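Colleague: no sequence for this one, just the structure:
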Ligand code: F6R
């Protein structure tokens with residue numbers, strides 16, 4: 001794992017977008033795992049900008065989103081399908097047929113989860129999975145005690161997560177759906193590379209537990225410690241409780257793989 005700390009949220013999101021863009025330029029057939037949420041909005045804006053200004057090409061890219069609320073139709077303004085359309089898909093040259101999100105309206109959720117896993121497998125697996133972290137330590141919607149080997153399935157959201165996401169539901173946690181379909185922790189760990197992007201002081205304590213604490217199902221994000229190719233990008237506020245900052249900064253300043261991303 002490498003932890004890259006950037007002074008501002010803008011720099012952190014920009015670095016994240018630049019790494020994604022570099023991987024896409026290197027492999028136009030990239031299978032890209034996507035996340036939703038407020039942290040990612042600026043990343044998608046920056047990818048859209050790179051598409052318009054530098055011709056970043058999504059024509060052959062295929063995407064898999066981490067999760068979807070159960071019970072929200074694709075055209076519901078709070079569904080993750082709608083979010084992805086608004087934030088990214090409608091602004092770039094991606095073929096809608098190449099964008100995959102679990103169907104939260106499926107009548108047979110177990111069958112939908114199996115279909116989703118099979119599709120990821122049949123297309124060759126995810127090359128790069130983008131992740132955010134929830135205040136309860138989730139990646140995707142893998143709430144505390146999610147098995148570290150879990151696969152795509154339906155999951156009940158914690159009160160913490162429903163409060164965290166209430167802003168998009170008139171500030172009312174009870175309006176946030178109580179369940180979601182989510183890739184499992186095991187599904188996420190199967191991706192060939194992970195990028196976890198974390199911004200803001202509210203995430204500082206949980207980020208320190210995920211990156212530097214013990215691997216535990218109580219903090220599903222701690223499972224990224226098991227992954228051989230994982231980059232964590234944080235702004236200074238989110239990184240404020242990390243102990244190993246001096247080493248992390250040295251790596252970013254000195255390792256050749258980061259040369260093209262240094263200012
Ligand atoms: C969303 C997802 C979640 C979010 C996390 C952070 O698809 O998988 O794990 O990444 O809840 O959300 P924000 O960025 O809104 O704080």
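Modeller: On my side now, so go ahead. This one's a predicted model, so the numbers in the text were calculated from it and none came from an experiment.
Colleague: Kindly report the residues of the stretch 151-263 of the chain close to the ligand.
Modeller: Contact residues, the stretch 151-263 of the chain versus the ligand (Cβ under 6 Å from any ligand atom): none. Placement of C-beta: from N, CA and C, glycine included.
Colleague: residue ranges of the helices in the stretch 151-263 of the chain, please?
Modeller: Using DSSP state H, counting those that start in this stretch, the helices of the stretch 151-263 of the chain run over 159-164, 185-189, 204-212, 245-254.
Colleague: Pick the most buried one from these.
Modeller: Comparing the helices of the stretch 151-263 of the chain by mean neighbour count (mean count of other Cβ atoms under 10 Å), helix 185-189 ranks first with a mean of 23.
Colleague: That one packs against which elements?
Modeller: The contact analysis (3 or more Cβ pairs under 8 Å, 6 or more residues apart in numbering; DSSP states H and E) places helix 185-189 against no helix or strand.
Colleague: residues in contact with residue 35?
Modeller: Residue 35 is in contact with 65, 66, 130, 131, 132, 140, counting by Cβ atoms under 8 Å, 6 or more residues apart in numbering.
Colleague: now those residues as TSV including neighbour count?
Modeller: Formatted as TSV, these follow (neighbours: other Cβ atoms under 10 Å):
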residue	neighbour count
65	23
66	28
130	26
131	25
132	21
140	28
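Colleague: just checking, which of these belong to strands?
Modeller: Among the contacts of residue 35, DSSP state E puts 65, 130, 131 in strands.
Colleague: what's the closest of the helices of the stretch 151-263 of the chain to residue 261?
Modeller: helix 245-254 (8.1 Å; Cβ to Cβ).
Colleague: ok now that closest one, how far from the chain's centre?
Modeller: 23 Å (Cα atoms, centre = their mean, to the nearest Å).
Colleague: ditto for stretch 38-56
Modeller: Its chain's average C-alpha position is 15 Å from that of stretch 38-56, according to Cα atoms, centre = their mean.
Colleague: Touching it from outside, list them.
Modeller: The contact list for stretch 38-56 (Cβ under 8 Å, 6+ apart) reads 9-10, 13-14, 16-18, 20-21, 24-25, 34, 57-58, 87-88, 91-93, 130, 132, 197-200.
Colleague: Quick check: PyMOL command selecting the buried ones in those.
Modeller: Selection of buried members from the contacts of stretch 38-56 for PyMOL, criterion 16 or more other Cβ atoms under 10 Å:
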select buried, resi 9+13+14+16+17+18+20+21+24+34+58+87+88+91+92+130+132+197+198+199
